[in-house]
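Q: Sharing a model that was predicted from the sequence below.
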Amino acid sequence: MSTAIPTEAAAKLDLQAEARKHLWMHFSRMGSYSETNEIPIITRGEGPYIYDDKGKRYLDGLSGLFCSNVGHGRAELGEAAARQMEELGFFMIWSYAHPRAIELASKLASLAPGDINRVFFTDGGSESVESAVKLARNYHRMRGNGQKMKHIAREVAYHGTTLGALSATGITSLRSQFEPLTPGGCHVPNTNLYRWPEDRESTWAADAIEERILFEGPETVAAVILEPVQNAGGCFVPPDGYFQHVREICDKYDVLLVADEVICAFGRIGHMFGSDRFGMEPDLITIAKGLTSAYQPTRALIASDRVAEPFLEGDASFSHGFTFGGHPVAAAVALANIDILEREDLPGHVLRKEDEFRGMLEGLRDIPIVGDVRGAGFFQAIELVKDQGTKESFNEEESEKLLRGYLSGELYKRGLICRADDRGDPVIQLSPTLVCDTEQFEEIHDVLRPVLTEAAKRMRG
């Protein structure tokens, strides 16, 4: 097994000590790390695997963070970046353009559903959602409906961390510590079908959107923001007809429908755009992670011709932008990444292997702690429960003990990177790279089965 070759600077550093002193990690309990509880340091990746600074191999069952769709170590993406750096390392797209941004915009327009044809490049997923919120408000104002400034999203949904995107995020613990947020965020029930009463109508969650629009006043609502498959809470899929009904509601009240595809696009659920899987017909699409498989940071908001139209004539302008939006190196990498996705038919591979992957997870239902298995494509979750029959969940203290006291550390120790999360009810999320196959599914199973079996015993005690 090969190990990473340290840079000259890194070779002279005690990386653990320097990380504890200087590196402020995201969404991390910094006080939990010490000389005896080390920070995991990942040094290289190859295909569906990553390696730490000690040479240990891990199966990347989360694709970094739902990002590394084509897998790790793709030299051709680095070569695309190097070629572009030699030609043009950077220039902005503020009143200028460069070939790679034009080519990438054209390619994305050709892949996006319907008449989603206008590409506005951003710096991150949160910024894409933030841009969607601003564009929706601006669009309605340009058409004489300036009161339309509210946006409706779903409970427990995660849409980003900037203040505008955070106002769409439906996770109380993430929102409360940064309030007051950007005004206008409203929330409705999500589609956690596992928790629905058996006699609930399939249109219930969509109807709740209409009820909220009417409650707020249709003249005040600019947009509805939904993921094709909701991430936070554990891969909530829509009931049949959900997005078609939401489309009808949005049309009825002149409200824009935003598909947050930061995770679902670029093959994650078996289509280049997740909207296509469920017949969703959005006005705006936000994209990010899989656009470059995270080899370079670049993101975008893609708008329909209808939404773009008021900004395309005379002295009109969408007064919004980012220094690094449409960065030429990132755009070159995105084009090369999309070429891999198409050439190797990775979305098709996900569809062909989805049942096998899901079947492996379904096979864990005999473990008492496994309550539900749900998701789409290579984007799946296991909800953990106290009692399978009653679906009783764990309280906050029990969830802490289960997830952070045992599962997270044990899964990592056994060589599996996945997500043990309790932003809703406790779940384990799995989102492997799109190059994974039977061998990797078996590896995931061989880690999950003993760990979940032991977790069930511990929680009974």
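A: It's in. Not measured: the values here are computed from a predicted model. Numbers count the residues shown, from 1 in each chain.
Q: Check the burial of residue 197 by counting its neighbours.
A: Using other C-beta atoms under 10 Å, the number of residues around residue 197 comes to 6. C-beta: built from backbone N, CA, C; applies to glycine.
Q: Please, which helix or strand holds it?
A: When elements are assigned from DSSP states H and E, residue 197 belongs to no helix and no strand.
Q: now do the same end-to-end measure for stretch 177-190.
A: 23 Å (C-alpha to C-alpha, to the nearest Å).
Q: Which positions in that stretch come out as buried?
A: 181-182, 184-190 (16 or more other C-beta atoms under 10 Å).
Q: Let me have those in TSV, extended by secondary structure.
A: Below are these laid out as TSV (DSSP: H, G, I helix; E, B strand; the rest coil):
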residue	secondary structure
181	coil
182	coil
184	coil
185	strand
186	strand
187	strand
188	strand
189	coil
190	coil
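Q: of those, closest to residue 122?
A: residue 182 (16.5 Å; C-beta to C-beta).
Q: Tell me which residues touch that closest one, please.
A: For residue 182, the contact set (C-beta atoms under 8 Å, 6 or more residues apart in numbering) comprises 133, 163-164, 166-167.
Q: hmm, try it at 6 Å
A: 163-164, 167 (C-beta atoms under 6 Å, 6 or more residues apart in numbering).
Q: distance between stretch 272-288 and the chain's centre?
A: How far stretch 272-288 lies from its chain's middle: 13 Å, per C-alpha atoms, centre = their mean, to the nearest Å.
Q: hmm, back to that, taking the contacts of residue 182 one by one, which sit in helices?
A: Counting by DSSP state H, the contacts of residue 182 place 163-164, 167 in helices.
Q: you'd agree residue 184 is up against residue 152?
A: No. Checked against C-beta atoms under 6 Å, the pair residue 184 and residue 152 is beyond contact range at 9.4 Å.
Q: Selecting buried members of the contacts of residue 182 in PyMOL, what would you type?
A: The buried subset of the contacts of residue 182, as determined by 16+ other C-beta under 10 Å, is captured in PyMOL by this line:
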select buried, resi 163+164+167
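Q: can you pull the pLDDT of residue 326?
A: Looking at residue 326, its pLDDT is 87.
Q: Next one: it from residue 90, what distance?
A: To residue 90, residue 326 is 10 Å away according to C-beta to C-beta, to the nearest Å.
Q: Between those two, which has more neighbouring residues?
A: For residue 326 versus residue 90, the count of surrounding residues by other C-beta under 10 Å is larger for residue 326: 28 against 13.
Q: Tell me where the stretch 101-250 of the chain has helices.
A: 125-142, 163-168, 172-176, 204-216, 242-252 (DSSP state H, counting those that start in this stretch).
Q: List the buried residues for the last one?
A: By that I understand helix 242-252. Applying 16+ other C-beta under 10 Å to helix 242-252 flags 242-243, 245-247, 249-250 as buried.
Q: Closest to residue 363 out of the residues you listed?
A: residue 242 (28.0 Å).
Q: Distance of that closest one relative to residue 206?
A: 5 Å.
Q: Low-confidence ranges, the protein, go.
A: Low-confidence regions of the chain, defined by pLDDT under 70, span residues 1-12, 461.
Q: Please spell out which residue in it sits farthest from the middle.
A: residue 314 (36.9 Å; C-alpha atoms, centre = their mean).
Q: coming back round to it: turn the ones in helices among the contacts of residue 182 into CSV, including distance to residue 431.
A: Output for these, formatted as CSV (distance: C-beta to C-beta, whole Å):
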residue, distance to residue 431
163, 27
164, 26
167, 26
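Q: quick one: which of the residues you listed is nearest residue 287?
A: Out of the ones in helices among the contacts of residue 182, the member with the shortest distance to residue 287 (by C-beta to C-beta) is residue 164, at 17.4 Å.
Q: Relative to residue 53, how far out is the closest one?
A: Relative to residue 53, and taking C-beta to C-beta, residue 164 is found at 38 Å.
Q: longest helix anywhere in the chain?
A: The chain, longest helix under DSSP H: helix 438-460.
Q: now that helix, how far from the chain's geometric center?
A: In this view, helix 438-460 has its centroid 24 Å away from the chain centroid, taken as C-alpha atoms, centre = their mean.
Q: So what touches stretch 28-42?
A: Contact with stretch 28-42 is made by 15-16, 19-20, 50, 52-53, as judged by C-beta under 6 Å, 6+ apart.
Q: Kindly report the same for stretch 223-231.
A: Contacts for stretch 223-231 (C-beta under 6 Å, 6+ apart): 136, 151-153, 157-158, 168, 190, 235-237, 250, 255-258, 260, 263-264, 274-275, 278, 280, 376, 379.
Q: distance between the ends of that stretch?
A: 20 Å.
Q: In contact with residue 62, which residues?
A: Going by C-beta under 6 Å, 6+ apart, residue 62 touches 417-419, 431.
Q: now with 8 Å?
A: Counting by C-beta under 8 Å, 6+ apart, residue 62 has contacts 417-419, 429-432.
Q: list the buried ones in stretch 284-304?
A: 284-304.
Q: go on, stretch 447-454?
A: 447-448, 451-453.
Q: would you turn those residues into TSV with distance to residue 363?
A: Below are these laid out as TSV (distance: C-beta to C-beta, whole Å):
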residue	distance to residue 363
447	14
448	10
451	15
452	11
453	13
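Q: Once you drop chain neighbours, what's closest to residue 89?
A: residue 329 (6.6 Å; C-beta to C-beta, 6 or more residues apart in numbering).
Q: can you give me phi and psi for residue 40?
A: phi -60, psi 130 (degrees, to the nearest 10).
Q: Now for it, how many residues are close by?
A: Around residue 40 there are 13 residues (other C-beta under 10 Å).
Q: And residue 457, by the same measure?
A: Neighbours around residue 457, by other C-beta under 10 Å: 11.
Q: now residue 102
A: Residue 102: 14 surrounding residues under other C-beta under 10 Å.
Q: residue contacts, it?
A: Neighbour list for residue 102: empty [criterion: C-beta under 8 Å, 6+ apart].
Q: The residue nearest to the spatial centre of the chain: what secondary structure?
A: Most central residue of the chain, judged by C-alpha distance to the mean C-alpha position with C-alpha atoms, centre = their mean, is residue 263 at 3.1 Å. Assigned by three-state DSSP, the conformation of residue 263 is coil.
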